[in-house]
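1. got a predicted model here, sequence first, then my questions.
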Amino acid sequence: MLDTGTTLSDVIRLIKERVVKVSEVTQFYLERATRLNPSINAFITVNDAVLDQAQKMDDQLPNQEQWEKQPLWGVPLGIKDMFCTKGLRTTAASRMLAQFVPPYDATVVSRLKQAGALILGKLNQDEFAMGSSTETSYFGQCRNPWHLEYVPGGSSGGSAAAVAASMCPAALGTDTGGSIRQPAHFCGIVGIKPTYGRVSRFGIVAFASSLDQAGPMTKTVEDAARILEVISGLDIKDQTTSSEKVPSWSNNLNPNVRGLRVGVLQEFMDKSSLNIDVARALEEVEAFLRKEGASLVPISLPLVKHGVSVYYLIASSEASSNLARYDGVRYGHRAQFDHFSGVTLERFYSRNRSEGFGAEVKSRIMLGTYCLSAGYYDAYYKKASQVRRLLRDDFLKAFQQCDVILSPVSTTPAFRLGERLHDPLQMYLNDICTVSVNLAGLCGISVPVTLSSQGLPIGVQFIGKPFDEQSLFNCGFALEKAFAFYRRFKNELPRL
Amino acid sequence: MDREIVKKVAHLARLELSESELNAITNKLTLVLQHFEAISQVNTEGVIPLVTPVDIEYRFREDVVEGDISVDEVMQNAPSRQGNLFKVPPVI
């Protein structure tokens, strides 16, 4: 009944039809999570209470009316360790928060709970979500279930690996510059970064507040739609959330792309800069879309070549400000002092912070502090924010000629563990295809299509207009029907 | 980027860097900033910086206490405490 091919939608149906009990579902994923974690390291914390919670639900199956209010009833989910979960340790994969137990839930977590979902555990990531490979975690690197010598991507690498390895049926991630879409691409799953303002950031460990968004990571497009419609919408606790209506995306899925205008972003389609398997996958997708009656419109956005620079300048500036709160006074890591006599307050803060943060986080705080400091602000932060506006305006202009934009998610499939750790610029440039979507506040989805010659997953990205997630889901749904990548989880990945 | 600037920035960021960290960060920042420098070529004359991608809808709410968090829950994260007080070095 439950196997590696089971999707979130399958789990919901099986519980509803009383084919499986909630506790059996939880047991299945808990067993896999426990057994596989020593090799994959996708979980930082497993929720010890989840099986008890599941057993209590076994005899309380909701009636039809309640189902509509609790569409995720009995489903155990994995949550990236960036989301505060009441009573359950939330670390952001940092020594700084290694012991932090939040006294409240993030809004998205409380919405998932209200919808009947259970929290299976907290998932590995790059420290404070700063990274593209889940190698900077204080709790050790996470590995790609398709090939254990390769990275799962990042920063939501634990979420992607856990879903791909069926350690949970679906997971939540966060995406500041590609952190949902790139690991989804590396692990062969679906990941959507919603429009900025679609999902509340309340209770999410803040990295770069004008870029951060939360979103689902799942095996299928329908699964992603089902979760996103639960977590989206206005939240009084986050002034940047939008009052835009949240549609029932999962009920409106439509794989018909006839007449759809698909912009093809020339700057990212230069075959010489793309890995050959990624280029081939894109060609197949273009051919498919054409055959199905979509029109492909070449578009050019020259400023995207500056995307990585603008992104790192802005994201690091915001991070340096957001991470200033970690001083080791009320929570967070505190260094051991033999005695306080002679310890200045400044030294106290500096020591706590220096021990609590890892190398990548420190260098981003340094970069951001530099960009915001007197004398450099105009040249870096302000300049980057001006280019950001031009880039956003160019995207909105491009959307007058097309409905969605097709691009790679990353120029390569997953890379080997350690391969880029000592080449920071290469690691940053890796994010070229995803960062602009966050800078412009658009939505983007990564949909798996095929495997590379080395057996590593390859996805493609669709970028949508603000609040047009439906078009992304529809394009993804069309590809899913045609390429059926999700079937590989049943046929090719049970070997774990 | 030179070591003196990096030291000054570390002080602003309240980070205590070892010699090797100082060298590594100086090299890394020099490398990435050289690359990021390219944005200076973009003509941004008169462009208003974009600091957030959406128009924020300002909303007001009643200022009502909805406390469901106990003092104990908050204090359990204190690295060092005395009763319900956070313990820190003498600051005056």
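-> It's in.
2. show me the residue sitting in the middle of chain B in space.
-> residue B:13 (7.5 Å; Cα atoms, centre = their mean).
3. wait, that residue sits on residue A:317?
-> No: using Cβ atoms under 8 Å, residue B:13 is not in contact with residue A:317; the gap is 11.7 Å. Using the backbone N, CA and C atoms, a C-beta is placed for each residue, glycine as well.
4. next helix or strand past the lowest-mean-pLDDT helix or strand in chain A?
-> Across the helices and strands of chain A, mean pLDDT, DSSP states H and E gives its lowest value to helix A:424-429, namely a mean of 85. Using DSSP states H and E, the helix or strand that follows helix A:424-429 in sequence is helix A:432-439.
5. give the buried residues for that following helix.
-> Buried residues in helix A:432-439, counted by 16 or more other Cβ atoms under 10 Å in any protein chain shown: A:432, A:433, A:434, A:435, A:436, A:437, A:438, A:439.
6. who's residue A:192 bridged to?
-> When assigned by DSSP bridges, residue A:192 has beta-bridge partners residue A:445.
7. how close does it get to residue A:400?
-> Distance, residue A:192 to residue A:400, using Cβ to Cβ, to the nearest Å: 23 Å.
8. and those two? which has more neighbours close in?
-> Ranked by neighbour count (other Cβ atoms under 10 Å in any protein chain shown), residue A:192 and residue A:400 place residue A:192 first, with 32 against 6.
9. shouldn't the more buried one be in contact with residue A:442?
-> No: counting by Cβ under 8 Å, residue A:192 sits too far from residue A:442 to count as a contact (11.6 Å).
10. dihedrals phi and psi, residue A:26?
-> phi -60, psi -40 (degrees, to the nearest 10).
11. OK, contacts around it?
-> Each residue near residue A:26 by Cβ atoms under 8 Å, 6 or more residues apart in numbering or on different chains is listed here: A:50, A:51, A:54, A:76, A:118, A:120.
12. please redo it, this time with the cut-off set to 6 Å
-> A:50, A:51, A:54, A:76 (Cβ atoms under 6 Å, 6 or more residues apart in numbering or on different chains).
13. of those residues - the most surrounded one?
-> Within the contacts of residue A:26, residue A:76 tops the neighbour count with 27 neighbours, counted by other Cβ under 10 Å.
14. re earlier: from residue A:361, how far out is the residue nearest to the centre of chain B?
-> Distance, residue B:13 to residue A:361, using Cβ to Cβ: 11 Å.
15. repeat that for residue A:96.
-> Taking Cβ to Cβ, one finds residue A:96 at 8 Å from residue A:361.
16. what do you get for residue A:344?
-> 23 Å.
17. next one, pLDDT for residue 81 please.
-> Went with chain A since none was named. Note for residue A:81: predicted pLDDT of 98.
18. hm, I was asking about chain B
-> Confidence score, pLDDT, at residue B:81: 93.
19. ok, now how distant is it from chain A?
-> Distance of residue B:81 to chain A, computed by Cβ to the nearest Cβ, to the nearest Å: 9 Å.
20. what is that residue paired to in the beta sheet?
-> Applying DSSP bridges, one finds that residue B:81 bridges with residue B:86.
21. over to residue A:462?
-> According to DSSP bridges, beta-bridge pairing links residue A:462 with residue A:406, residue A:445.
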